[in-house]
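Asks: need a structure here:
(chains A and B)
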2 protein chains.
Amino acid sequence: MRAEIITVGTELLLGQTLDRHSAYLSQECSSLGIDVYFHTSVGDDARRLLEVIRIASSRSDLVLLCGGLGPTMDDLTKETLARFLKVNLIQDSASLAHLQKIFAGRSLPIPENNYKQTYVFPGGTVFPNENGTAPGLAITSAGITYVLMPGPPKELVPMFEHHVRPFLIGLLPEKQVIVSHPLSFFGIGESLLEKRLSDIIEQQTNPVIATYAKEAGVTLRLTAKARDDQAAHDLIAPVRAQILDRVGEYCFSEEDSSLEEVVVSLLRQQKRSIALAESCTGGLAAHLLSTVPGSSHTLKGGFVSYTDEVKNEIVHVPKQVLIEEGAISSAAAEAMAQQTRQQFQSDFALSITGVAGPDPAEGKPVGQVFVGLAEVHQPTRVYQYLLKGSRQRIQLLAAKHALFILQQRLKKGETTT
Amino acid sequence: MRAEIITVGTELLLGQTLDRHSAYLSQECSSLGIDVYFHTSVGDDARRLLEVIRIASSRSDLVLLCGGLGPTMDDLTKETLARFLKVNLIQDSASLAHLQKIFAGRSLPIPENNYKQTYVFPGGTVFPNENGTAPGLAITSAGITYVLMPGPPKELVPMFEHHVRPFLIGLLPEKQVIVSHPLSFFGIGESLLEKRLSDIIEQQTNPVIATYAKEAGVTLRLTAKARDDQAAHDLIAPVRAQILDRVGEYCFSEEDSSLEEVVVSLLRQQKRSIALAESCTGGLAAHLLSTVPGSSHTLKGGFVSYTDEVKNEIVHVPKQVLIEEGAISSAAAEAMAQQTRQQFQSDFALSITGVAGPDPAEGKPVGQVFVGLAEVHQPTRVYQYLLKGSRQRIQLLAAKHALFILQQRLKKGETTT
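Replies: Numbering: from 1, shown residues only, chains lettered A, B, ... in the order given. From the prediction side, this is the model:
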């Protein structure tokens, strides 16, 4: 079934209201196996709305319209669709009773213009509105089904869940299940990932493979359609295995988790603790871990050491290292990690020192970053990166690289980068 | 001018990504006097995208397209518009140089498919992308101007502000000057701010007053249209004064600066230094300051102290305070700030301790936060908040409240909250 969503309201076109309905209804349709091909927003204008309905009716089997069912003169959706379909609306006794009941409770007379909300399509379906006066409506004409829902989220969402979704399931030609499986990657760019998987991505039709660039990293989503859950999972399994065989070293989650969620979860499972010493990231890596509920069980804390003086006096990096190697060096990253682990008495310590920019420092280029990982009873390792982007982008990538290294060590006891 | 906005991406039609660009660009167009009549979202499908472009070209003078400028096979916006306009794209040497510069220093060569991002419309305009590889583009054909911008918000928003907005102003039919004056507020909600200014907002037509909810805080933008800059500024001045007279205590910037930028700027002007001790925010306040270029001149560093043990042994909060008052207390915030200032030998120290959630702690409710501000030769002050929202929201608000307090003290030598 080919569907589209039309949201009606001048406030959308002025940017005063964010259209959340289109995304919500698209997710719901996708989970039912209904393909949504277009979203359109149009103002409270009969001529333009009529044109949008005309275009939708020429290309879709199902048209979901949101908004414009209120009592005011601006609310035109139902009337405009009736004009397009050349039908006369009729009064619905259940909707009239509902309206009278709502106003009886308020001990107010019913405003004259509210009565227009009791008019419906002859031969159509009426969806009760549990949280307002405007009923939802559906009408099928020339093989195209139109569903009209009120604009306020508090009215639309419950109406969709309780009435419209069951109605849509009744329209489906065959019963299908849709299963999605995410694979989250870090340390490999979107275009390089696609290139290494291009033959798989191009050949696949079920599951389909889509890539999504995330704030840091890339997620692949494998989506299969089948008659039941097991059949969908059976379609996904070999494709998943093929992908992980090629680029599995970069995959950190199959549950749409963030790197910090994966790290906190692994630390908690292994009952190990972490402390951090951060220079160029200013506390971002520690903060990312702290965003995860329950992180207090594994995160002891950290140092933010922005000056050489602080690195020496508070973190206890030897003066000699700072003088001879500089604060942006492998030796400084190593000392920061070791000293921090000892001071915090933690199982692990991560250190980050580098040049976030915009200017080079200590003769090192913008983006040069050293990450140290100290572990109790293990040698400290230092990793070096040359990161690109704005100051904030370099900070984010540096913090995420540190978390990625720790994730690899926690998963395999070994890192590959 | 009649405009419409087209956002391109299958993730929009699956409901996986919320379209915020249409609302953002509509607000911006509205402030320029450009009427937006339609929003359309369409997937990464050449046939349907071509049809959407054809419809847009039949009814609008200005078509803003977002997304689909990436390096992958799915990214089709530019190619589809070129097909519709029957033009051949040409390679742009500046875009090629930009791409080469971005990849220079990475240990990887430029992926073959990234080169397609260097192709532009002959006779069109190229907008530099400060945060990515895809340039923005504009082309006018048959009286209709098409503007193409990349989909990621971090690329689109700066590109719009720095390049596309001035370009659109140049398209406006009558030579008018548009002057915008931002007023950034913190510590007062959007609806309360609107309520306190409702009479002013409703009566004003030139300048118009628009409110924008920001990540933390609210920005009012006064936008005046006049024949020249001076006349526009003269229209803005009395309205600005009237607003600041009512709610000036909450205003921290008239330059669209973030709180952290204002704080770093004030600290540098006054040649004073800062250190931090953070518990529930996990390093976020220090990190926010570190995102500002030049912050290393004033930010000495900080502690992240997630456990009582660390608060005592590393930050030097007396055991007695932790036992008698608890780690989430005014006394703990006071000791954290004082001890941190002494250890870092800084002019100021901010401390943050509280309950970010999702569960209460030490019998304190979720959202209870104490912020301490220590200053050399001054008594330490502690401020208490009850913040609302998710864990991450509470962390952000707590960090921003700490910065807001410091900003007030730096501006007036006095805080009002």
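
Asks: number of nearby residues for A:Ile178?
Replies: 16 (other C-beta atoms under 10 Å in any protein chain shown). To be clear about C-beta, it is placed using only N, CA and C from the backbone, and glycine gets the same treatment.

Asks: likewise for the one 3 residues further on?
Replies: Summarising burial for A:His181: neighbours were counted as other C-beta under 10 Å, giving 20.

Asks: what's across from it in the sheet?
Replies: Using DSSP bridges, the beta-bridge partners of A:His181 come out as A:Leu222.

Asks: in stretch A:268-281, what counts as buried?
Replies: Of all the residues in stretch A:268-281, those buried under the rule 16 or more other C-beta atoms under 10 Å in any protein chain shown are A:Ser273, A:Ile274, A:Ala275, A:Leu276, A:Ala277, A:Glu278, A:Ser279, A:Cys280, A:Thr281.

Asks: ah, wrong one, I meant stretch A:351-368
Replies: Buried residues in stretch A:351-368 (16+ other C-beta under 10 Å): A:Ser351, A:Ile352, A:Thr353, A:Gly354, A:Val355, A:Ala356, A:Gly357, A:Ala361, A:Lys364, A:Val366, A:Gly367, A:Gln368.

Asks: just the CA trace of the biggest helix by length in chain A, in CSV.
Replies: Determined from DSSP state H, the single longest helix within chain A is helix A:391-412. Extracted in CSV, the C-alpha atoms of helix A:391-412 (Å, rounded to 0.1, in the frame of the first residue of the first chain):
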residue,chain,number,x,y,z
ARG,A,391,37.0,22.3,17.7
GLN,A,392,33.8,20.7,19.0
ARG,A,393,34.0,17.9,16.4
ILE,A,394,37.6,17.1,17.3
GLN,A,395,36.6,17.0,21.0
LEU,A,396,33.7,14.7,20.4
LEU,A,397,35.7,12.3,18.2
ALA,A,398,38.6,12.2,20.7
ALA,A,399,36.2,11.3,23.5
LYS,A,400,34.5,8.7,21.4
HIS,A,401,37.8,7.2,20.3
ALA,A,402,38.8,6.8,24.0
LEU,A,403,35.5,5.1,24.7
PHE,A,404,35.8,2.9,21.7
ILE,A,405,39.3,1.7,22.8
LEU,A,406,38.0,0.8,26.2
GLN,A,407,35.0,-1.0,24.7
GLN,A,408,37.3,-3.1,22.5
ARG,A,409,39.5,-3.9,25.5
LEU,A,410,36.5,-4.8,27.6
LYS,A,411,35.0,-7.0,24.9
LYS,A,412,38.1,-8.9,23.8
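
Asks: check which helices and strands it sits against.
Replies: Counting contacts by 3 or more C-beta pairs under 8 Å, 6 or more residues apart in numbering or on different chains; DSSP states H and E, helix A:391-412 is packed against helix A:259-269, strand A:274-278, helix A:284-290, strand A:348-354, strand A:368-375, strand A:378-386.

Asks: please repeat the previous calculation with a cut-off of 7 Å.
Replies: Applying 3 or more C-beta pairs under 7 Å, 6 or more residues apart in numbering or on different chains; DSSP states H and E, one finds that helix A:391-412 contacts helix A:259-269, helix A:284-290, strand A:348-354, strand A:368-375.

Asks: which stretch among the ones you listed comes nearest A:Asp228?
Replies: A:Asp228 sits nearest to helix A:259-269 of all those, at 30.1 Å, using C-beta to C-beta.

Asks: ok, residues contacting the closest one?
Replies: The contact list for helix A:259-269 (C-beta atoms under 7 Å, 6 or more residues apart in numbering or on different chains) reads A:186, A:252-253, A:274, A:288-289, A:291-292, A:294-295, A:297-298, A:400, A:403-404, A:406-407, A:410-411.

Asks: average model confidence for it?
Replies: Mean per-residue pLDDT for helix A:259-269: 97.

Asks: do the same with stretch A:98-117
Replies: The average of the pLDDT scores along stretch A:98-117 is 84.

Asks: send me that stretch as PDB with only the CA atoms.
Replies: These are the backbone C-alpha positions of stretch A:98-117, laid out as PDB (Å, rounded to 0.1, in the frame of the first residue of the first chain):
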ATOM      1  CA  HIS A  98     -20.400  13.300  22.400                       C
ATOM      2  CA  LEU A  99     -20.300  17.100  21.900                       C
ATOM      3  CA  GLN A 100     -23.300  17.600  24.100                       C
ATOM      4  CA  LYS A 101     -21.800  15.500  26.800                       C
ATOM      5  CA  ILE A 102     -18.500  17.400  26.800                       C
ATOM      6  CA  PHE A 103     -20.200  20.800  27.100                       C
ATOM      7  CA  ALA A 104     -22.800  19.600  29.600                       C
ATOM      8  CA  GLY A 105     -19.800  18.700  31.900                       C
ATOM      9  CA  ARG A 106     -18.600  22.300  31.500                       C
ATOM     10  CA  SER A 107     -22.100  23.700  32.100                       C
ATOM     11  CA  LEU A 108     -21.600  26.000  29.100                       C
ATOM     12  CA  PRO A 109     -23.800  26.400  26.000                       C
ATOM     13  CA  ILE A 110     -22.300  24.800  22.800                       C
ATOM     14  CA  PRO A 111     -20.800  27.500  20.600                       C
ATOM     15  CA  GLU A 112     -22.600  27.500  17.200                       C
ATOM     16  CA  ASN A 113     -19.500  26.700  15.200                       C
ATOM     17  CA  ASN A 114     -18.800  23.600  17.200                       C
ATOM     18  CA  TYR A 115     -21.700  21.900  15.500                       C
ATOM     19  CA  LYS A 116     -19.800  21.600  12.300                       C
ATOM     20  CA  GLN A 117     -17.600  19.000  14.100                       C
END
